[in-house]
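Asker: give me the fold of what follows.
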Amino acid sequence: MKFFDFFKPQKSTPKKRYYNESPPLLGQELAKRERLDLNFILGYLPDPDEILSNTGKNISAYRKLMLDSQVRACVNSRKAGTMSLLWEIDRGKTKTPQSLLIKDLYSRLDIDGINNAILNAPMFGFQPIEIVWDKVGEYILPVNLIPKNPEWFLFDKDNNLRLATLNNGFCGELLPDKKFLTPTYNDINNKYFNPYGDRILSSCFWHVTFKKSGFKWWVTFAEKYGMPYIIGKLPRSTMDSDRENMKNQLENMVSDAVAVISDDAQLDFIEPAGKNASSELYDKLITACDQAISKAILGQTLTTDGNHGDSGSYALGKVHAGVRDDIVYSDKKIVENTHNQLIKWIWEINFNSGEIPEFSMFEEENIDKTLAERDEILVKQGVKFSKSYYINNYGLADKDFEIL
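Answerer: Numbers count the residues shown, from 1 in each chain. So this is what the prediction gives:
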């Protein structure tokens with residue numbers, strides 16, 4: 001029976017069907033990538049980035065955008081919001097042997113450098129990080145985490161990360177399990193469509209391009225109209241050779257402001273009319289591009305641009321601060337999820353029981369209040385904490401206090 005036959009009236013009494021039975025085709029997945037895209041014959045999922053596909057470039061084109069001062073300032077500002085947070089393993093919980101192992105491991109890794117690399121994911125869509133495993137005592141642990149260039153990788157139809165080696169440039173080399181962390185931006189409920197992630201820098205590409213052109217023409221405009229026109233006047237009977245000689249002298253005068261002319265020659269200096277209004281066009285173009293870049297990366301412009309005027313600045317500042325907090329929270333979740341994926345792999349390799357430790361980030365001002373309020377209640381109920389507890393959870397040194 002064909003698919004549409006299920007929706008036609010049946011001449012005979014239809015056979016009784018049970019809820020656990022699925023008709024042919026209705027119980028199968030029909031809309032699959034390999035049936036829709038010719039590229040899957042080559043074994044890879046094409047990058048859906050329209051800017052890269054239309055310009056014939058790869059992700060390295062976005063890395064060059066970091067040379068722009070506005071892009072760099074906004075990216076650094078966005079990263080700083082998350083990098084300023086503190087982190088802890090099993091925060092507020094009793095430390096298990098597994099969590100103590102992870103905490104000791106993290107004390108030997110460059111966590112700040114790793115977090116900084118993870119925060120490249122919102123800029124470039126995804127950020128591969130290679131894990132180097134080794135035997136440490138009785139455990140198999142990561143001894144190094146190395147960020148890699150995203151343009152070296154591609155994805156197959158099953159969203160598996162592949163390395164585009166020289167021998168397997170089209171379909172890529174399938175990578176071992178638990179070898180690469182791949183933090184991705186805006187992949188929730190959308191990774192099937194685009195495992196390459198959403199790239200914020202793609203929204204800055206044309207603004208940086210137009211901005212460069214604006215600066216180029218602005219410099220040309222300044223060179224051409226920044227100084228007054230110099231007009232030399234000679235008698236009508238002056239020979240052509242003398243006119244050419246004066247022209248050359250005036251050209252030299254533009255560069256060194258020195259000229260020698262005859263006593264019957266005359267120089268006039270004329271200011272170009274309307275040049276200020278014309279130069280403002282380039283200024284407005286560059287300002288508009290900078291503001292668009294700020295909005296794309298930071299979600300607002302107040303922290304990097306001051307062109308909003310004084311009216312309503314306090315209310316506007318509160319709105320912009322709220323936007324920034326939302327972005328910091330979003331980036332924080334990417335960092336936490338990446339670390340928790342790594343911790344899960346460590347746990348799966350080395351343990352078969354117990355609770356998986358959790359990596360979390362938080363603001364410094366919140367830790368004392370949260371823990372102190374909880375601990376105060378427990379102390380009133382008769383709980384006594386050890387000295388090591390206060391050292392681990394409040395950052396106190398052993399010599400700084402005594403337990404009475």
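Asker: low-scoring pLDDT stretches of the stretch 301-404 of the chain, where are they?
Answerer: Applying pLDDT under 70 to the stretch 301-404 of the chain flags the ranges 301-323, 365-369, 395-400.
Asker: can you give me the strands for the stretch 101-250 of the chain?
Answerer: 129-136, 139-147, 153-155, 161-163, 173-174, 180-181, 229-233 (DSSP state E, counting those that start in this stretch).
Asker: the helix ranked longest in the chain: what's the following helix or strand?
Answerer: With residue count as the measure and DSSP state H as the assignment, the chain has helix 313-350 as its longest helix. For helix 313-350, the following helix or strand on the C-terminal side (DSSP states H and E) is strand 359-362.
Asker: list the helices and strands that following strand packs on?
Answerer: For strand 359-362, the packing partners by 3 or more Cβ pairs under 8 Å, 6 or more residues apart in numbering; DSSP states H and E come out as strand 86-89, helix 313-350. To be clear about C-beta, it is placed using only N, CA and C from the backbone, and glycine gets the same treatment.
Asker: need the contact partners of it.
Answerer: 82, 85-89, 91, 102, 332, 335-336, 339-340, 343 (Cβ atoms under 8 Å, 6 or more residues apart in numbering).
Asker: would JSON lines of the residues you listed with distance to Gly56 be doable?
Answerer: Output for those, formatted as JSON lines (distance: Cβ to Cβ, whole Å):
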{"residue": "Thr82", "distance to Gly56": "34"}
{"residue": "Leu85", "distance to Gly56": "39"}
{"residue": "Leu86", "distance to Gly56": "44"}
{"residue": "Trp87", "distance to Gly56": "41"}
{"residue": "Glu88", "distance to Gly56": "46"}
{"residue": "Ile89", "distance to Gly56": "45"}
{"residue": "Arg91", "distance to Gly56": "47"}
{"residue": "Ile102", "distance to Gly56": "44"}
{"residue": "Lys332", "distance to Gly56": "36"}
{"residue": "Val335", "distance to Gly56": "33"}
{"residue": "Glu336", "distance to Gly56": "37"}
{"residue": "His339", "distance to Gly56": "36"}
{"residue": "Asn340", "distance to Gly56": "38"}
{"residue": "Ile343", "distance to Gly56": "40"}
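Asker: got these as CSV, with distance to Asp49 and neighbour count columns?
Answerer: Converted to CSV, the contacts of strand 359-362 look like this (distance: Cβ to Cβ, whole Å; neighbours: other Cβ atoms under 10 Å):
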residue, distance to Asp49, neighbour count
Thr82, 24, 22
Leu85, 30, 18
Leu86, 35, 14
Trp87, 32, 17
Glu88, 36, 18
Ile89, 36, 24
Arg91, 37, 17
Ile102, 36, 24
Lys332, 25, 20
Val335, 24, 24
Glu336, 26, 18
His339, 27, 25
Asn340, 28, 15
Ile343, 31, 21
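Asker: from those, which is closest to Ile111?
Answerer: Trp87 (6.8 Å; Cβ to Cβ).
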